[in-house]
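S.K.: Turn this into a structure:
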Amino acid sequence: MTYPISQLDGIDAASARQLKSIGIRTTAALLEAAKTMMRR
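M.R.: Have a look, this model is predicted:
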């Protein structure tokens, strides 16, 4: 199940804006982006 980044605990509004600016809008996109060591 995919959720908006803004619903994650520990992610403040500024961090959510920064993630959205690079195209990460959902939890699925965040997991995809962080799955390799180089992307973390």
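S.K.: where does the protein have low pLDDT?
M.R.: In the prediction, the chain carries no residues with pLDDT under 70.
S.K.: can you give me the helices for it?
M.R.: In the chain, helices defined by DSSP state H lie at 13-21, 27-33, listed in chain order.
S.K.: these two touch, right, residue 26 and residue 6?
M.R.: No. With contacts defined as Cβ atoms under 8 Å, residue 26 does not count as touching residue 6, sitting 10.1 Å away. All C-beta spots, glycine's among them, are computed from the backbone N, C-alpha and C.
S.K.: For the residue nearest to the spatial centre of the chain, which residues are in contact?
M.R.: With distances taken as Cα atoms, centre = their mean, residue 30 lies nearest the centre of the chain, 3.9 Å away. With contacts defined as Cβ atoms under 8 Å, 6 or more residues apart in numbering, the neighbours of residue 30 are 5, 8, 19, 24.
S.K.: In the residues you listed, find the pair that's most separated.
M.R.: Spatial extent of the contacts of residue 30 (Cβ to Cβ) is set by the pair 8 and 24 at 10.9 Å.
S.K.: the more surrounded of the two?
M.R.: For residue 8 against residue 24, the residue with the higher neighbour count under other Cβ atoms under 10 Å is residue 24, and the figures read 18 against 14.
S.K.: shouldn't the more buried one be in contact with residue 33?
M.R.: Yes. Under the contact definition of Cβ under 8 Å, residue 24 touches residue 33, with a separation of 5.7 Å.
S.K.: Turn the contacts of residue 30 into a markdown table, including distance to residue 37.
M.R.: A markdown table is the format used below for those (distance: Cβ to Cβ, whole Å):
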| residue | distance to residue 37 |
| --- | --- |
| 5 | 21 |
| 8 | 21 |
| 19 | 19 |
| 24 | 17 |
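S.K.: Without its sequence neighbours, what residue ends up closest to residue 13?
M.R.: residue 6 (7.6 Å; Cβ to Cβ, 6 or more residues apart in numbering).
S.K.: In this structure that neighbour contacts residue 17, no?
M.R.: No. With contact defined as Cβ under 8 Å, residue 6 does not reach residue 17; the gap is 9.3 Å.
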